[in-house]
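Visitor: what's the 3D shape of this:
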Amino acid sequence: MSTPPKAPTARERARIELTRDIKESARRQLAEHGPAGLSLRAVARDLGLVSASALYRYFPGRDALLTALIADSYDALGDAAEQAATGPATLLERWLAIGHAVRAWALAHPHEYALIHGSPVPGYAAPEDTVAPGVRLPYLIGGLFSEAAATGRYRPAAHPPADGAVHDALRPLLDRLPPDTPADAVVAGLSAWTYLTGALSLELFGHRTRIIADPHTYFDHELRRLGTVLGLT
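Guide: A predicted model of the protein is given here:
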């Protein structure tokens, strides 16, 4: 019989709870001041702590806290998209489910969406810790097109083929994929991901307010149109 997991100690529970409280406070700071206005001093003040020095045992600086928030946001978005993709039967239906799940998450968490898909934070360089959670969504979308190509269901509209120069441009991504992955399917997956994040950014940041009366209906039509054009028949 396997040994049951050891219950966390009181100190471990306290650390988990304070880490959660720090992140929740930081998210409130994001909503009020944006990522550039985030500071450990403001978080400490919000939590009723005498000084920010107590937080350095949890996050050694603002950048470490930002990295944690970015990774959490990417993972939450990836969880929503992956969960949505488990139900539908067809590739097109899975694309639609992913798109609507991403939009629902973005609308419910606009400041976290802006953190990961908005303007870069001045003075902050994202470390490697954010790469794995950050590629969950594009890899999930790309997987639809790879599956379509592998099963003979990839039927895109007429398009320029991915030539040698495109292969070279895609080399950082192609080197991470199985060698038989079609470059055309990779381009389609990247196009779908680019559209999805771009359309949501336009909606969330108010650029479509005066030209689209029913964002949900139009977004659903765009998803269907793009999925069909890109080959998810």
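
Visitor: need the contact list for the residue nearest to residue 43 when sequence neighbours are not counted.
Guide: Leaving aside its sequence neighbours, residue 43 sits nearest to residue 25 (C-beta to C-beta, 6 or more residues apart in numbering; 4.7 Å). Quick note: C-beta positions are derived from backbone N, CA and C, even for glycine. Neighbouring residues of residue 25 by C-beta atoms under 8 Å, 6 or more residues apart in numbering: 43, 46, 47.

Visitor: neighbour-wise, which of those leads?
Guide: In terms of neighbour count, residue 43 stands highest of those at 23 neighbours, by other C-beta atoms under 10 Å.

Visitor: shouldn't that one be in contact with residue 55?
Guide: Yes: using C-beta atoms under 8 Å, residue 43 is in contact with residue 55, at 6.4 Å.

Visitor: Between these two, which contacts overlap?
Guide: residue 22.

Visitor: mind checking how far the residue most central in space within the chain is from residue 105?
Guide: Of all residues in the chain, the one closest to the mean position by C-alpha atoms, centre = their mean is residue 74, 4.1 Å from it. According to C-beta to C-beta, to the nearest Å, residue 74 and residue 105 sit 11 Å apart.

Visitor: how many other residues sit next to residue 143?
Guide: Using other C-beta under 10 Å, the number of residues around residue 143 comes to 15.

Visitor: ok, now residue 71?
Guide: Number of residues near residue 71 (other C-beta under 10 Å) recorded here: 19.
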